[in-house]
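K.L.:
When you get a sec, could you give me coordinates for this:
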Amino acid sequence: MKLSFRALTQSLIIITGTCLALAGSAFAAPKTSFKVGYTIYVGFMPMGYLKDSGILKKWADKYGIEIEMMAVNDYVGSINQFIAGDLDAVGVAGMDALTMPAAGGVDTSIFLITDYSNGNDVLMSKSASSIAELKDKEVYLVEYSVSHYLLNRALVLNGMSGVGEVKTVNISDADIAAAYLANPDIQNAAAWKPMTADMISGSPDTKVLFDSAQIPGEIMDVFIGNTEVLKENPAFGKALTGAWYEALAAIKAGGEAAKPVNEYMASALGTDQAGLKTQIDTTFFFYTPAEAVTFLTDAKTGTIMDDIRKFSFDRGLFGQGATSVDAIGIELADGTVLGDPANVKLRVDASCAKLGAEGGL
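P.N.:
Predicted coordinates:
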């Protein structure tokens, strides 16, 4: 799952939403073939089902396009592929949309929100019994990811100044679980499911010190696209959004309707139905486009993005040239901007969700 963020203020020009934008451009012809990447995380797993079930092809055919869906082993690697233009959309944590592609100068739009972590992200320890006991200790995590953000929030909410009071050690999401279980020198770690489930069950001494349920909505999972690609090709955003909510409707319905989706997700996550349920139980899914619109347009979401950009700037994630938290503009769903309105690089675009809520997909 996950990683970084950026900034906003009042925009003088409200840019037409991705899904409502006109296709075509004087500079580039509309595309007909698109690539979407995701990594192994419960909030993204319905994407694999979309591919295998034929739902994705049905929606792509409706709009006369092709969408190739692919699982990517390495989370950071998937974002780098997006930055390089090898992927047209990718699943990320909201923070990482800001600190990686947007901070790198890629005009990026959040056009589909899938969920937020409601306990999937965990700060754990084999030896500490409280957050205070982590002071000056090593904490292993994917640095500058949402795990880093989670750690900072845990420290601050427990009376400490932030991540400067511990020693963070960078490790990849692909390696952290095995390293934590095999290496007795690794006493403290922050990560997300499914890795954390293995880390906790495989280490009897492990104690959960803090999890994302204590900061609801702050670690959101989204699909991002290159803003220009989305504007020039509105069919892409519409097709992917429509397919997504068809799968989510089946999950929400439960029973026989949900069975094939759940079976696929459990298998892809390397678990059984009971294991899948533990992950779904700690994930707040936006099952309908109306729910997504409500969250994306809520003033609290703007506050979350503001907190994220401040953390990101404080950790140097805006790059060496950024001298202020306002260096990067973040356009919220209502068109207001946090940060520099002349340098908007991250956009919260609720237009596809709004079309879905109105039955317009």
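
K.L.:
right, and Thr108 touches Thr99 too?
P.N.:
No - in this structure Thr108 lies outside contact range of Thr99 using C-beta atoms under 8 Å: 10.9 Å. For glycine as for every other residue, the C-beta is placed from the backbone atoms N, C-alpha and C.

K.L.:
Next secondary structure after the helix or strand containing Ala250?
P.N.:
Secondary structure assignment for Ala250, by DSSP states H and E: helix 234-253. Once helix 234-253 ends, the next helix or strand along the chain (criterion: DSSP H and E) is helix 255-268.

K.L.:
what packs against the helix or strand just after that next one?
P.N.:
Downstream of helix 255-268, the next assigned helix or strand under DSSP H and E is helix 273-281. If contacts are counted by 3 or more C-beta pairs under 8 Å, 6 or more residues apart in numbering; DSSP states H and E, helix 273-281 sits against helix 195-201, helix 255-268.

K.L.:
after the shortest one, next one along is what?
P.N.:
I take that to be helix 195-201. strand 207-211.

K.L.:
hang on, the earlier thing: between Thr108 and Thr99, point out the one with more neighbours.
P.N.:
When neighbours are counted by other C-beta atoms under 10 Å, Thr108 and Thr99 differ, and Thr99 comes out ahead with 32 against 27.

K.L.:
picking that back up, need the helices and strands packed on helix 273-281 in CSV (columns: mean pLDDT and mean neighbour count).
P.N.:
Shown next, in CSV, are the helices and strands packed on helix 273-281 (pLDDT from 0 to 100; neighbours: other C-beta atoms under 10 Å):
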stretch, mean pLDDT, mean neighbour count
helix 195-201, 93, 20
helix 255-268, 96, 16
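
K.L.:
Including distance to Ala235, could the ones you listed go into CSV?
P.N.:
Shown next, in CSV, are the helices and strands packed on helix 273-281 (distance: least, C-beta to C-beta, whole Å):
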stretch, distance to Ala235
helix 195-201, 36
helix 255-268, 24
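
K.L.:
To Asp349, which of these lies closest?
P.N.:
Distance to Asp349, taken as C-beta to C-beta, is lowest for helix 255-268 among those, at 26.1 Å.

K.L.:
got the contact list for that closest one?
P.N.:
Residues outside helix 255-268 that contact it (C-beta atoms under 8 Å, 6 or more residues apart in numbering) are 40, 42, 45-46, 48-49, 52-53, 71, 247, 250-252, 272-273, 275-276.

K.L.:
Just the buried ones out of these, please.
P.N.:
Buried by 16 or more other C-beta atoms under 10 Å: Ile40, Val42, Met45, Pro46, Gly48, Tyr49, Ser53, Ala247, Ala250, Ile251, Gly275, Leu276, out of these.

K.L.:
Quick check on the fifth one: phi, psi?
P.N.:
If I follow you right, that is Gly48. The phi/psi pair for Gly48 (degrees, to the nearest 10) reads phi -60, psi -40.

K.L.:
Quick one: residues contacting it.
P.N.:
Here Gly48 is in contact with Tyr38, Met69, Ala71, Tyr264, Met265, Ala268 (C-beta under 8 Å, 6+ apart).

K.L.:
in the stretch 51-200 of the chain, which spans are strands?
P.N.:
Ranges of strands in the stretch 51-200 of the chain, per DSSP state E, counting those that start in this stretch, are 66-71, 89-93, 108-117, 121-125, 138-141, 167-170, 188-192.

K.L.:
residues near Ile83, how many?
P.N.:
When neighbours are defined as other C-beta under 10 Å, Ile83 has 18 of them.

K.L.:
Next: the one 3 residues further on.
P.N.:
In terms of burial, Asp86 registers 12 neighbours under the definition other C-beta under 10 Å.

K.L.:
and the nearest residue to it once chain neighbours are set aside, what helix or strand is that in?
P.N.:
In space, and not counting its chain neighbours, Asp86 is closest to Lys35: 7.0 Å by C-beta to C-beta, 6 or more residues apart in numbering. Element membership for Lys35 (DSSP H and E) is strand 33-38.

K.L.:
In that strand, which residues are buried?
P.N.:
Phe34, Lys35, Val36, Gly37, Tyr38.

K.L.:
The last one: what's it in contact with?
P.N.:
Going by C-beta under 8 Å, 6+ apart, Tyr38 touches Phe44, Met45, Met47, Gly48, Met69, Met70, Ala71, Val72, Ser78, Val90, Gly91, Phe223.

K.L.:
Can you say which of the residues you listed are buried?
P.N.:
When burial is judged by neighbour count using 16+ other C-beta under 10 Å, the buried members of those are Phe44, Met45, Met47, Gly48, Met69, Val72, Ser78, Val90, Gly91, Phe223.

K.L.:
just those residues now: which is nearest Leu112?
P.N.:
Nearest to Leu112 among the buried ones among the contacts of Tyr38: Phe223, at 4.2 Å, using C-beta to C-beta.

K.L.:
Great, nothing more from me.
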